[in-house]
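In: model the structure of this input:
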Amino acid sequence: MAVASDTTFTGFRPEAIQFLVDLADNNVREWFQPRKGEYERLLKEPLEALCLALDEEFRSRGLPLRADPSRSPFRIYRDTRFSKDKSPYKTHVAASFGWAGDDEEVAGRSHTENVHASGGYFHLQPGEIFVGGGVWHPEPSWLKAFRDRVVDDYEGFQEIVEAPGFRDTFGTVGDDGESLKRVPPGYPPDHPAADLLRKKNVTFGRRLADVDALSPRLPTVLADSFAAATPLLRYLATLG
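Out: Below you'll find the model as predicted:
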């Protein structure tokens with residue numbers, strides 16, 4: 001993937017958000033292909049520049065995450081092979097920032113090796129701009145390791161998610177609507193962490209305003225959020 005020639009992130013432009021509005025109303029190749037250059041100028045290249053700026057933030061702050069302009073952004077093209085919805089394009093742009101491991105620590109599951117590993121996430125869509133992360137659709141072995149660790153040391157998990165930095169930034173671990181109806185077999189159904197044991201994903205997030213996405217300070221806003229999330233990302237990265 002080629003990286004934009006102008007690598008300075010100056011904020012997304014209002015026209016970028018409008019492009020995604022128009023794409024949602026015209027999600028067909030006949031509309032997108034003549035405007036592909038506009039998509040690259042307004043969305044693809046600024047997202048790459050954002051990744052470069054964010055990686056500098058990670059390194060200067062010592063945050064064990066990586067932002068790579070050639071690997072972090074998700075493609076605009078949808079995989080429609082197993083979907084009833086054959087719309088060819090996503091109506092958002094997004095990027096993921098994988099756990100890189102601390103200097104003297106086993107990194108655990110690298111995001112670069114598995115997209116479902118621990119990491120951060122940025123999402124830009126009209127009316128739905130947010131920063132977050134965690135582990136999404138993990139392997140069964142990882143999910144078992146998470147549940148076992150929570151059962152064995154629930155207080156340790158609580159200390160992380162109830163720390164002021166995380167709580168003030170994200171509130172709590174998210175509820176994505178995919179949780180099991182009951183605590184899975186093998187775990188006490190009346191455990192204080194029953195809600196956690198029912199989760200299929202372990203994620204967190206917070207909404208951003210349009211003004212955040214349009215600002216050249218967006219890399220700082222994202223890095224501040226990921227700094228608050230680093231203890232939880234570390235906890236999740238060292239499982240399984």
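In: quick one, helices of the chain?
Out: With DSSP state H, the ranges of helices along the chain come out as 14-25, 29-32, 36-39, 45-61, 140-152, 154-161, 164-170, 194-197, 210-213, 218-237.
In: for those, which one sits closest to Lys86?
Out: helix 29-32 (11.0 Å; C-beta to C-beta). Placement of C-beta: from N, CA and C, glycine included.
In: flag the shaky bits of this structure, pLDDT-wise.
Out: Under the criterion pLDDT under 70, the flagged ranges of the chain are 1-6, 102-116, 240.
In: please repeat the previous calculation with a cut-off of 90.
Out: 1-7, 79-85, 101-118, 174-178, 238-240 (pLDDT under 90).
In: contacting residues for the residue nearest the centre of it?
Out: Residue closest to the average C-alpha location in the chain (C-alpha atoms, centre = their mean): Tyr121, at 1.8 Å. The neighbours of Tyr121, taking C-beta atoms under 8 Å, 6 or more residues apart in numbering as the test, are Ala94, Ala95, Ser96, Phe97, Val131, Gly132, Gly133, Gly205.
In: using JSON lines, lay out the helices of the chain together with distance to Asp79 and mean neighbour count.
Out: Shown next, in JSON lines, are the helices of the chain (distance: least, C-beta to C-beta, whole Å; neighbours: other C-beta atoms under 10 Å):
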{"stretch": "helix 14-25", "distance to Asp79": "17", "mean neighbour count": "16"}
{"stretch": "helix 29-32", "distance to Asp79": "15", "mean neighbour count": "12"}
{"stretch": "helix 36-39", "distance to Asp79": "18", "mean neighbour count": "14"}
{"stretch": "helix 45-61", "distance to Asp79": "19", "mean neighbour count": "20"}
{"stretch": "helix 140-152", "distance to Asp79": "22", "mean neighbour count": "16"}
{"stretch": "helix 154-161", "distance to Asp79": "33", "mean neighbour count": "15"}
{"stretch": "helix 164-170", "distance to Asp79": "29", "mean neighbour count": "15"}
{"stretch": "helix 194-197", "distance to Asp79": "30", "mean neighbour count": "18"}
{"stretch": "helix 210-213", "distance to Asp79": "26", "mean neighbour count": "16"}
{"stretch": "helix 218-237", "distance to Asp79": "25", "mean neighbour count": "22"}
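In: same list, these, but as TSV with distance to Asp176 please.
Out: Below are those laid out as TSV (distance: least, C-beta to C-beta, whole Å):
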stretch	distance to Asp176
helix 14-25	22
helix 29-32	29
helix 36-39	28
helix 45-61	24
helix 140-152	14
helix 154-161	16
helix 164-170	14
helix 194-197	12
helix 210-213	22
helix 218-237	15
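In: so which of these is nearest Gly177?
Out: helix 194-197 (13.1 Å).
In: how far away is Cys146 from Asp55?
Out: For residue 146 the amino acid is Phe, not Cys. 28 Å (C-beta to C-beta, to the nearest Å).
In: how about Pro88?
Out: Going from Pro88 to Asp55 by C-beta to C-beta gives 30 Å.
In: who touches the residue lying closest to Leu196 once chain neighbours are set aside in this structure?
Out: Counting by C-beta to C-beta, 6 or more residues apart in numbering, Leu196 lies nearest to Val150, which is 5.3 Å off, once chain neighbours are set aside. Neighbour list for Val150: Phe157, Ala193, Leu196, Leu197 [criterion: C-beta under 8 Å, 6+ apart].
In: of these, which is the nearest to Gly127?
Out: Leu196 (29.5 Å).
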